[in-house]
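K.L.:
Kindly return the folded structure for what I paste below:
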Amino acid sequence: MKFDDLLTGFIRLHVLHHAAEHEIYGQWMIDELANHGYRLSPGTLYPMLHAMERRGYLVSRVTREGRTARKLYKATKLGRQGLALVKLRVREFTGEAMKH
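P.N.:
So this is what the prediction gives:
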C-alpha cells in the first residue's frame, strides 16, 4: 500500500478502537479495515495483533466451534488508556490540520 508507513498508526488505532468496543478476530478485522480502504493480508495483521498483545494493549483467548479455533482479542486497561490519549492527540491534530 502506498504510504503504508504513514498509515500504519491509523491501522493500529482502528484495531484498538474496535477491540475496546468488543472482542475481535483477525478476519473480521481485515474485513473491517477493508471498509476503510486498508488492504491488509493475514501475514501483516496477525504479527501486528501479536505485537500489540506483547506490548499489553490487547489480550486474547481461543474459542473452538467444532474443529475451528478462533483467537479473540480485546483491549486491556492499558490499551484503553492508550486509545484515550491518542484520541486527544488526533482531535488536536485534526483541529489544526483542517484549518488549512
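
K.L.:
Mind pulling up the pLDDT for H50?
P.N.:
Looking at H50, its pLDDT reads 97.

K.L.:
Tally up the residues packed near it, please.
P.N.:
Using other C-beta atoms under 10 Å, the number of residues around H50 comes to 14. For glycine as for every other residue, the C-beta is placed from the backbone atoms N, C-alpha and C.

K.L.:
With L78 instead?
P.N.:
L78: 13 surrounding residues under other C-beta under 10 Å.

K.L.:
Helix or strand: which one has it?
P.N.:
helix 77-97 (DSSP states H and E).

K.L.:
if I look at the most centrally placed residue in the chain, how far off is R64?
P.N.:
Against the mean C-alpha coordinate of the chain, by C-alpha atoms, centre = their mean, the closest residue is V15 at 1.3 Å. Counting by C-beta to C-beta, to the nearest Å, the separation of V15 from R64 is 23 Å.

K.L.:
hmm, back to that, by contact count, what packs against the helix holding L78?
P.N.:
Applying 3 or more C-beta pairs under 8 Å, 6 or more residues apart in numbering; DSSP states H and E, one finds that helix 77-97 contacts helix 4-21.

K.L.:
The helix it packs on to helix 77-97, inter-axis angle?
P.N.:
Helix 4-21 and helix 77-97 meet at an angle of 130 degrees, taking axes from the mean of the first three to the mean of the last three C-alpha atoms, to 10 degrees as the criterion.

K.L.:
What's the first helix or strand after the lowest-mean-pLDDT helix or strand in the chain?
P.N.:
Using mean pLDDT, DSSP states H and E, helix 4-21 stands out as the lowest-scoring helix or strand of the chain, at a mean of 90. Counting by DSSP H and E, the next helix or strand C-terminal to helix 4-21 is helix 26-35.
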